[in-house]
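Engineer: no letters, just coordinates:
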């Protein structure tokens, strides 16, 4: 096992980006193993792994998609928990671990063990943050299970995992939110100054945790969205509350985000189709270069307004706790968040439902607005 490295200020002394983990948040098992020196040899020591190794290598060549990903990921996190829980090189795995822990008990156990047993503040801090995000994801998925539009894709995704579906349907969202707040308060109090090294998000964990707290307390489905006020891309004042009375699709996007730009043709058609209806599409742009972003908007015929955030880690993004791009909120005419992170067909269905409500004079509680 690697010799411990003195903590010093709590910052990583390792060039973690050299250990093979891509910045892409959906890190897979072969990437996790690359964090550990002699990772290949470690795998070969495990009886159950040699049979999986050809599959892992094939997955790496094809972009990281496994035929039985849940089994492989479970083995990976179990291996890391048992043999490498004290390694500083686990920081990126902890940082993105919540993406796996929502469906992998082994990943969830790994994060709890890392939070309590790692000798490094960096690892403990990011594991604690990831556990909070794990709870927040469960809350959001539980909410999606309770809506007819957003339920179907989850049922299809976890068709082979009835236990996961049952967990989502019966989740105690209030308890999950309370525990998430405890984790986030701990990050702020104990690890607020710690940050991930380049090329990961170098924002101090305390600031990230404050954004998560804001998101947890103010941006859940069913809550009135906080007002958002600032400048648009042309320097004109832009205020979210000015659009009360309309259904609002609020999209956090950037030109460097492939999925964001992939949504643009659909968004153009949506704006065109709902012209004259009580609907507006608004964006929050995360580019560093304002003028370059404006040129892309002109080229792609993005006629809707966007707030200028001043970069990926600007004030709006930090305050709203945005950690994935695009992030989408759909608000009804009263400013209530009704849907989160719906895209394409689901986005259309959600917006059409709310526009119909608006045209019939009903609000989110079913009360007559006329």
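Structural biologist: That came through, no problem. These numbers come from a predicted model, not from an experiment.
Engineer: in the protein, where's the longest helix?
Structural biologist: If each helix of the chain is counted by residues according to DSSP state H, the longest one is helix 121-145.
Engineer: so residue 301, which of the three states?
Structural biologist: Secondary structure of residue 301, reduced to three states by DSSP: H, G, I helix; E, B strand; the rest coil: coil.
Engineer: tell me who's in contact with the nearest residue to it once chain neighbours are set aside.
Structural biologist: Ranked by Cβ to Cβ, 6 or more residues apart in numbering and with sequence neighbours excluded, the top spatial neighbour of residue 301 is residue 268, at 6.1 Å. (Glycine included, C-beta is placed from N, CA and C.) With contacts defined as Cβ atoms under 8 Å, 6 or more residues apart in numbering, the neighbours of residue 268 are 300, 301, 302, 303.
Engineer: count of neighbours near the last one?
Structural biologist: Using other Cβ atoms under 10 Å, residue 303 is surrounded by 12 other residues.
Engineer: my read: it touches residue 275, true?
Structural biologist: No: with contact taken as Cβ atoms under 8 Å, residue 303 and residue 275 are classed as non-touching, separated by 10.6 Å.
Engineer: name the nearest residue to residue 304, ignoring sequence neighbours.
Structural biologist: The spatially closest residue to residue 304, leaving aside those adjacent along the chain, is residue 281, at 4.4 Å (Cβ to Cβ, 6+ apart).
Engineer: in the chain, what helix or strand scores lowest on average pLDDT?
Structural biologist: Counting by mean pLDDT, DSSP states H and E, the chain has its least confident helix or strand at helix 39-45, which shows a mean of 39.
Engineer: how is this structure divided into domains?
Structural biologist: Taking automatic domain parsing as the reference, the chain has its domains at 16-216, 223-359.
Engineer: which of the ones you listed has the lowest average pLDDT?
Structural biologist: With a mean of 77, domain 16-216 has the lowest mean pLDDT of the domains of the chain.
Engineer: how far does that one sit from the chain's center?
Structural biologist: Chain-centre distance of domain 16-216: 11 Å, with Cα atoms, centre = their mean, to the nearest Å.
Engineer: rewinding a little: which of the contacts of residue 268 tops the neighbour count?
Structural biologist: The most crowded member of those, judged by other Cβ under 10 Å, is residue 302 (22 neighbours).
Engineer: so the most centrally placed residue in the chain, which of the three states?
Structural biologist: The chain has residue 324 as the residue nearest its centroid, 4.3 Å off, counting by Cα atoms, centre = their mean. Three-state call for residue 324 (three-state DSSP): coil.
Engineer: who does the longest helix of the chain touch, helix- and strand-wise?
Structural biologist: The criterion is 3 or more Cβ pairs under 8 Å, 6 or more residues apart in numbering; DSSP states H and E, and the helices and strands that helix 121-145 contacts are helix 91-96, helix 98-101, helix 105-117, helix 148-157, helix 162-169, helix 173-191, helix 205-218.
Engineer: deepest-packed of the ones you listed, please.
Structural biologist: Among the helices and strands packed on helix 121-145, judged by mean count of other Cβ atoms under 10 Å, the one packed with the most neighbours on average is helix 91-96 (a mean of 26).
Engineer: what lies in contact with stretch 100-113?
Structural biologist: Taking contacts as Cβ under 8 Å, 6+ apart, the residues outside stretch 100-113 that touch it are 70, 73-78, 80-81, 85, 93-94, 97-98, 127, 130-131, 134, 137-138, 141, 158, 161, 164.
Engineer: of those, just the buried ones, PyMOL syntax please.
Structural biologist: Selection of buried members from the contacts of stretch 100-113 for PyMOL, criterion 16 or more other Cβ atoms under 10 Å:
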select buried, resi 70+73+74+75+76+77+78+80+81+85+93+94+97+98+127+130+131+134+137+138+141+158+164
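Engineer: quick one: residue 337 is in a strand?
Structural biologist: Yes: residue state for residue 337 (three-state DSSP) corresponds to a strand.
Engineer: count of residues packed around it?
Structural biologist: When neighbours are counted by other Cβ under 10 Å, residue 337 comes out with 21.
Engineer: beta partners for it?
Structural biologist: On the basis of DSSP bridges, residue 337 takes part in beta bridges with residue 331.
Engineer: sorry, back to before: so the residue nearest to residue 304: helix, strand or coil?
Structural biologist: Applying three-state DSSP: residue 281 is strand.
Engineer: how about the one 3 residues further on?
Structural biologist: Each residue gets one of three states, and residue 284 gets strand by three-state DSSP.
Engineer: ok, the residue nearest to residue 304 to residue 254 distance?
Structural biologist: 16 Å (Cβ to Cβ, to the nearest Å).
Engineer: do the same with residue 248
Structural biologist: Plainly put, residue 248 is 19 Å away from residue 254 if you go by Cβ to Cβ.
Engineer: gap between stretch 224-235 and the chain center?
Structural biologist: In terms of Cα atoms, centre = their mean, the centre of stretch 224-235 is found 22 Å from the chain centre.
Engineer: residue 203 versus residue 193, what's the distance?
Structural biologist: Distance from residue 193 to residue 203, counting by Cβ to Cβ: 11 Å.
Engineer: what of residue 181?
Structural biologist: Going from residue 181 to residue 203 by Cβ to Cβ gives 20 Å.
Engineer: cool, residue 126 as well?
Structural biologist: Using Cβ to Cβ, residue 126 is found at 12 Å from residue 203.
Engineer: before we move on, what about residue 341?
Structural biologist: On the measure of Cβ to Cβ, residue 341 and residue 203 end up 21 Å apart.
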